[in-house]
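Colleague: Okay, here's the prediction I keep looking at, along with the sequence it came from:
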Amino acid sequence: RTKGHADDELVPPQQYWLLGFKDRELEGEYLDELATVSKYRVFCAYFLALLFVIVVQFGHNVSTLVLSIDIFFKFYGEEAEGNPAAEKVIQEGRTTAYASQLVYPFLALFVWTCGLVGTIVIYHGKFRPQWVLVLLEAVFLVQIVLMGVNLAPDAIPESGWAFNFGNASWLAGTGFYHLPIFLLLFFVPLPFAETCFITVMGI
């Protein structure tokens with residue numbers, strides 16, 4: 001309460017600009033309460049992220065395999081019949097193509113599933129609810145790393161994005177394939193500082 005006005009006015013707790021309360025114990029209690037009251041938003045974010053990975057990322061990559069890569073290797077496989085060396089090269093190329101198209105969405109699916117399972121364990125175990133927010137931030141940061149690894153091949157001329165969009169291929173790939181999942185940052189209950197940090201890292 002303010003001095004001289006004990007019955008009239010409450011003094012808000014001191015805060016760092018955009019960084020939370022100066023009283024770290026109070027900050028922890030606030031984050032616990034935030035994670036508790038936002039439980040359904042957190043679960044909804046995980047399910048939306050998993051839905052995006054399955055529908056967009058798996059859907060895009062599987063369609064690429066079926067509509068282009070598989071047809072390409074089937075054609076050259078028929079051309080290479082009777083030539084063991086050429087058949088071996090074609091088979092190795094097919095395996096590499098399948099692996100490169102499926103490994104990223106599988107890893108993304110694994111990361112978000114682990115985050116969801118960890119969130120369930122935290123909410124139902126004897127853990128402070130604020131660890132849900134820490135885990136969610138970690139999942140987003142791992143997603144950024146996966147995004148960077150996956151975007152690297154899009155800069156080469158032979159990639160599908162570069163073939164269709166030229167020098168802007170990384171923008172096209174990011175906008176369609178990666179960016180939508182980060183829109184969840186504006187839906188989940190992460191503190192402002194963490195949201196800004198993840199956004200900057202993603203950019």
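Modeller: That came through, no problem.
Colleague: Quick one: mean pLDDT for the lengthiest helix in the chain?
Modeller: When the chain is parsed with DSSP state H, its longest helix is helix 84-124. The pLDDT scores in helix 84-124 average 82.
Colleague: buried stuff in the helix or strand just after it?
Modeller: The helix or strand immediately downstream of helix 84-124 is helix 130-151, counting by DSSP states H and E. Residues 130-137, 139-140, 142-144, 146-147, 150-151 are the ones in helix 130-151 that count as buried (16 or more other CB atoms under 10 Å). C-beta: built from backbone N, CA, C; applies to glycine.
Colleague: in this protein, which ranges drop under the pLDDT threshold?
Modeller: Along the chain, the parts satisfying pLDDT under 70 run over 1-24, 26-27, 68-83, 86-93, 151-170, 172-173, 203.
Colleague: Let's see that with 90 instead.
Modeller: Residue ranges of the chain with pLDDT under 90: 1-36, 38, 55-105, 125-126, 130, 144-203.
Colleague: now the angle between helix 130-151 and the longest helix of the chain, please.
Modeller: Counting by axes from the mean of the first three to the mean of the last three CA atoms, to 10 degrees, helix 84-124 lies at 160 degrees to helix 130-151.
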